[in-house]
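1. The following block contains a protein sequence and its predicted model.
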Amino acid sequence: MLGIETSCDETGVGLVRGRHHLLAEALASSVEEHARFGGVVPEVASRAHLEAMLPMLELACTKARVRLDDVDAVAVTSGPGLAGALLVGVAAAKALTVGLGKPLYGVNHLAAHVAVDQLEHGPLPEPTIALLVSGGHSSLLLVEDVTAAVTPLGATIDDAAGEAFDKVARVLGLPFPGGPHIDREARSGDPAYVDFPRGLTGPRDLAGHRYDFSFSGLKTAVARWVETRERAGEPVPVPDVAAAFQEAVVDVLTRKAVLACTERGVDHLLIGGGVAANSRLRAVAAQRCADAGLTLRVPRPALCTDNGAMVAALGAELVSRGAAASPLDLPADSALPVTEVVAR
Ligand code: KG4
Ligand code: ZN
């Protein structure tokens, strides 16, 4: 199974043999081209995908020692994501499947973030609750069948978790993307230095937004705190602010994820997406899952961020469960709902 991912700023190609065996992957990122804008510029990302697509296909095949002729099926991220960026991957996948005469699976990016864990930890227990946190999404999902039954329980009502990391990093003068820099700074900081707000955790919020997230108030609170310090001519302790901000995000994410598991009677939690690389999130999630008697699965960081292997992993799972392929006119759908695992 050849998997192609181009929903944001990573051009990923992955090759999976059977259901779980990752043969090789190749990844090109345009992240540096976006750095000076402080966020991903869609048109820049699309052009970068166009330039990287053939080299990444070649690199993945070379690493796996396979030829394109050896590929039995192609999977591609059909959505959600940036429309122009998705289009490059979908067009490439269609061309490949026509040229090779093989079936095409247009897949949901979020379900692929869940399926990728199988490459590392083997068959996914179902049902599983999945917490997906990245620069573009923050969702809690009930996964009863990763190929056919994925139900959204909650999502962010404003910024994505990764977006909050990126924006707070900017306030603290750290480079883009900010997540890894905040993670690093926070290691020497005091998470209790400032008690930043935990969005949507009050009793009234929990009634209406039980499994939803909100990070925009937190981001503003950090910005105000820093501003006040700077206006007073006082130094800003970056590690402490980073640690306190990170603690607020991690506290809410893990609290709600564990709540979803216990209330739904699901004893497995999976965390994916770029923010799943966060060391504090991993540590707190491990602790809280252990306390609640839950099994936690988190893929290694390189499989958490966007990549081609995750798409191949979901494609392989679809084939193994006998799912029908997508039509050749399948769309690049920037708003593909998470309930649609395969684009039709
Ligand atoms: O999944 P991803 O590669 O791309 C999408 O956004 O879909 O996630 C990128 C996001 C960025 O916002 C980045 O700051 C965040 O993941 N991130 C982290 C860490 N590593 C990456 N956030 C917190 N801690 C990290 N160690
Ligand atoms: Zn993603």
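-> Received, thanks. Ligands and ions are numbered 1, 2, ... in the order given.
2. In this structure, spot the helix with the most residues.
-> helix 238-264 (DSSP state H).
3. hmm, who's touching the helix or strand following that one?
-> Note on helix 238-264: by DSSP states H and E, the next helix or strand toward the C-terminus is strand 268-272. The contact list for strand 268-272 (Cβ atoms under 8 Å, 6 or more residues apart in numbering) reads 113-114, 116-117, 124-125, 127-133, 143, 257-258, 261, 281-282, 285, 289, 294-299, 304. (Each C-beta comes from the backbone N, C-alpha and C, glycine too.)
4. try 7 Å this time
-> 113-114, 116-117, 125, 128-132, 257, 261, 285, 289, 294-299, 304 (Cβ atoms under 7 Å, 6 or more residues apart in numbering).
5. That strand and ligand 2, are they touching?
-> No. Using Cβ under 5 Å from the ion, we find that strand 268-272 stays clear of ligand 2, coming within 8.0 Å at best.
6. Please apply the same query to stretch 334-342.
-> No. Counting by Cβ under 5 Å from the ion, ligand 2 has no neighbours in stretch 334-342; the shortest distance is 12.0 Å.
7. what does the protein have sitting close to ligand 2?
-> Going by Cβ under 5 Å from the ion, the residues of the chain near ligand 2 are 134, 306.
8. let's go with 6 Å and repeat that
-> 109, 113, 134, 273, 306 (Cβ under 6 Å from the ion).
9. For these, which single residue is the most surrounded?
-> Neighbour counts for these peak at residue 113, which has 32 neighbours (criterion: other Cβ atoms under 10 Å).
10. what pairs with the residue nearest to it when sequence neighbours are not counted across the strands?
-> Excluding its sequence neighbours, the residue lying closest to residue 113 (Cβ to Cβ, 6 or more residues apart in numbering) is residue 272, at 4.0 Å. On the basis of DSSP bridges, residue 272 is bridged to residue 132.
11. any idea of the pLDDT on residue 272?
-> As predicted, residue 272 sits at a pLDDT of 96.
12. go on, the one 3 residues further on?
-> The model reports residue 275 with a pLDDT of 96.
13. same thing with residue 126?
-> Per-residue confidence (pLDDT) for residue 126: 95.
14. Could you count how many residues lie near residue 224?
-> There are 11 residues near residue 224, going by other Cβ under 10 Å.
15. And the one helix or strand it maps to, what's buried?
-> In this assignment (DSSP H and E), residue 224 forms part of helix 216-231. Under the neighbour-count criterion of 16 or more other Cβ atoms under 10 Å, helix 216-231 has 217, 218, 219, 221, 222, 225, 226 buried.
16. Pretty sure residue 245 is one of the things the fifth one touches, is it not?
-> It refers to residue 222. Yes. If you go by Cβ atoms under 7 Å, residue 222 and residue 245 touch, sitting 5.2 Å apart.
17. Give the full set of residues in contact with the nearest residue to residue 196 once chain neighbours are set aside.
-> Leaving aside its sequence neighbours, residue 196 sits nearest to residue 248 (Cβ to Cβ, 6+ apart; 4.1 Å). Applying Cβ under 7 Å, 6+ apart, one finds that residue 248 lies in contact with 196, 197, 198, 218.
18. how does it look with 10 Å?
-> By Cβ atoms under 10 Å, 6 or more residues apart in numbering, the residues touching residue 248 are 164, 191, 194-199, 201, 215, 218, 221-222.
19. which of those has the most neighbours?
-> Compared across the contacts of residue 248, residue 164 has the highest neighbour count, 32 neighbours, by other Cβ under 10 Å.
20. what's the helix or strand for that one?
-> Going by DSSP H and E, residue 164 is in helix 161-171.
21. what's the angle from that helix to helix 216-231?
-> Per axes from the mean of the first three to the mean of the last three Cα atoms, to 10 degrees, the angle that helix 161-171 makes with helix 216-231 is 10 degrees.
22. Can I get the residues of the chain next to ligand 2 in JSON lines including secondary structure?
-> Formatted as JSON lines, the residues of the chain next to ligand 2 follow (DSSP: H, G, I helix; E, B strand; the rest coil):
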{"residue": "109", "secondary structure": "helix"}
{"residue": "113", "secondary structure": "helix"}
{"residue": "134", "secondary structure": "coil"}
{"residue": "273", "secondary structure": "coil"}
{"residue": "306", "secondary structure": "coil"}
